[in-house]
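>>> any chance you could fold what I've pasted below:
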Amino acid sequence: MDPSIHDPLAPDPMAPVDAMELAAWRIAQTARQLRREHRDLPLQEMRPVGLATDKPHLEIHAGSIDAVEQWAKRLGAEPQREIHVYAPDTISEHADAGTDVGEVHVIVYGSRFFTAVECEAYHREQAAKEAVSRA
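Numbers count the residues shown, from 1 in each chain. Below is the predicted model:
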């Protein structure tokens, strides 16, 4: 058989490209819909991800923790928060919330760094919790 001719029983060699193109289209449509419907919510950036996965993903960088909570409430999602201690005076808080909007998984996220005063308060609180757990 001539190798330049595609076997009709073999998988379509363009299927992965077609799937990526469809995922990109779905993400773009979802991003435009969310922007149109929630223009009043804080937004720094929308980014397509997961084009080669089973479900396309759209990341929304909302900016702040409060903005994530606003988006989560509007989308009916439950925000998750994490605190990361990098050094005694470098602590960040990260929040995200994920939900499906049609055929796209949407993840809203934001973060912030603690002020020096907040870092001190955080360490005092953690020390107090540790003291209680040892007692």
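
>>> only C-alpha atoms for contact and neighbour calcs from this point on.
Will do.

>>> who's in contact with stretch 108-126?
With C-alpha atoms under 8 Å, 6 or more residues apart in numbering as the test, stretch 108-126 has contacts from 59-65, 67-68, 71-72, 88-98.

>>> let's see that with 6 Å instead.
Stretch 108-126 has contacts (C-alpha atoms under 6 Å, 6 or more residues apart in numbering) with 59-65, 68, 89, 91-97.

>>> how about stretch 78-85?
Residues outside stretch 78-85 that contact it (C-alpha under 6 Å, 6+ apart): 91-97.

>>> quick check: the farthest pair among these?
Spanning the widest gap among the contacts of stretch 78-85 are Ile91 and Ala97, at 20.5 Å by C-alpha to C-alpha.

>>> pLDDT at the most centrally placed residue in the chain, what is it?
The centre of the chain sits closest to Ile107, judged by C-alpha atoms, centre = their mean, with a distance of 3.1 Å. At Ile107, the pLDDT value in this model is 97.
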